[in-house]
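> got a predicted structure here, sequence first:
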Protein chains: 2
Amino acid sequence: MSDSNLALEEEECRRFQISVELAGRKWSAAILMAGARGARRFSEYRALVEGISDRLLAARLKELEQEGLIERDVQPTTPVSISYNLTPSGRQLISLLHPLVTWSRTRQSATTH
Amino acid sequence: MSDSNLALEEEECRRFQISVELAGRKWSAAILMAGARGARRFSEYRALVEGISDRLLAARLKELEQEGLIERDVQPTTPVSISYNLTPSGRQLISLLHPLVTWSRTRQSATTH
DNA sequence: TAAGCTGCTAACCATTAGTTAGCGAAACAG
DNA sequence: CTGTTTCGCTAACTAATGGTTAGCAGCTTA
């Protein structure tokens, strides 16, 4: 088995798989991008992530919060306003995924649909 | 809206989202990793990607082939042997995702489950 | 008064994932 | 010659996830 620079051990493969599948769950990447683009409030995310429904947005925000990629702050104003912010870990994740932007551009010309 | 270095335009956001969700589909990353680790035959992938079923492996290989990340070669031996190889594009994708290995390590200490 | 925004949740159907079984043809073991 | 195994799949079915629509309480705005 060759390709030594791309090969990982079992344990690392598992963690790698888990991470990619976390980021790649439907809407997750788009939500994190929205956070990076400045979204804070629920409705700002809904506006930036086009096509997502309230239900899925609420579900993903909760999930990303549990994973420590987003944090939920409740401001005790009247009425309360809730803001969702990227954590350093979440911010780092999208910056690591950023190279895929270029990759996706090169791919368009190569694909047949 | 700040975070200029992480922000993208609409169009690029869409492509970014599509790419991450492609790579992040269940088993996709693990299959590409298996290819990078040297798997060629169907059964080699099945052995390296632990937990996957025949059905899903067949489905993902077909899908990744359509996306131009893997190519399927039929050797006219008796019986025919089929080999699945990463394309340059597929190889580039996993190498771009590689930084997530380190990221996933730092995350373990920060998460609460 | 009516209408709308905010951040959700409930109820429901559609799509995707996961499990188990089996298939034809060839190789291999007895 | 007769099992049994391997290879690369597919069919049939259940479980999990995703998507759609509606609505809610508490406020603001017209």
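Sure, I can see it.
> drop to CA atoms for contacts and neighbour counts, all remaining ones
OK.
> which parts of chain A sit against DNA strand C?
With Cα under 7 Å from any atom of the strand as the criterion, chain A meets DNA strand C at residues A:Arg41, A:Phe42, A:Ser43, A:Glu44, A:Asp54, A:Arg55, A:Ala58, A:Ala59, A:Ser81, A:Ile82, A:Ser83.
> okay, the residues you listed in JSON lines with pLDDT and neighbour count next?
Converted to JSON lines, the residues of chain A next to DNA strand C look like this (pLDDT from 0 to 100; neighbours: other Cα atoms under 10 Å in any protein chain shown):
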{"residue": "A:Arg41", "pLDDT": "94", "neighbour count": "17"}
{"residue": "A:Phe42", "pLDDT": "95", "neighbour count": "16"}
{"residue": "A:Ser43", "pLDDT": "94", "neighbour count": "12"}
{"residue": "A:Glu44", "pLDDT": "94", "neighbour count": "15"}
{"residue": "A:Asp54", "pLDDT": "93", "neighbour count": "13"}
{"residue": "A:Arg55", "pLDDT": "93", "neighbour count": "8"}
{"residue": "A:Ala58", "pLDDT": "95", "neighbour count": "12"}
{"residue": "A:Ala59", "pLDDT": "94", "neighbour count": "12"}
{"residue": "A:Ser81", "pLDDT": "90", "neighbour count": "12"}
{"residue": "A:Ile82", "pLDDT": "93", "neighbour count": "15"}
{"residue": "A:Ser83", "pLDDT": "94", "neighbour count": "16"}
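> lowest confidence element among the helices and strands of chain A?
In chain A, the helix or strand scored least confidently by mean pLDDT, DSSP states H and E is helix A:99-110, which has a mean of 82.
> which elements pack onto that one?
helix B:10-23, helix B:88-97 (3 or more Cα pairs under 8 Å, 6 or more residues apart in numbering or on different chains; DSSP states H and E).
> for the residue of chain A at minimum distance from chain B, grab the count of nearby residues.
Using Cα to the nearest Cα, A:Gly24 is the residue of chain A that sits closest to chain B, at 3.8 Å. Using other Cα atoms under 10 Å in any protein chain shown, A:Gly24 has 23 neighbouring residues.
> can you tell me the closest non-neighbouring residue to it?
Nearest non-adjacent residue to A:Gly24, counting by Cα to Cα, 6 or more residues apart in numbering or on different chains: B:Gly24, 3.8 Å away.
> for that neighbour, what are its contacts?
A:Val20, A:Glu21, A:Leu22, A:Ala23, A:Gly24, A:Arg25 (Cα atoms under 8 Å, 6 or more residues apart in numbering or on different chains).
> with respect to B:Ser95, which of those is nearest?
Nearest to B:Ser95, judged by Cα to Cα, of the contacts of B:Gly24 is A:Val20 at 12.7 Å.
> the closest one: neighbouring residues, count only.
Residues near A:Val20, counting by other Cα under 10 Å: 26.
> right, and it touches B:Ser28 too?
No. The criterion here is Cα atoms under 8 Å, and A:Val20 misses it with B:Ser28 at 9.1 Å.
> A:Gln75 pairs with what?
A:Ser81 (DSSP bridges).
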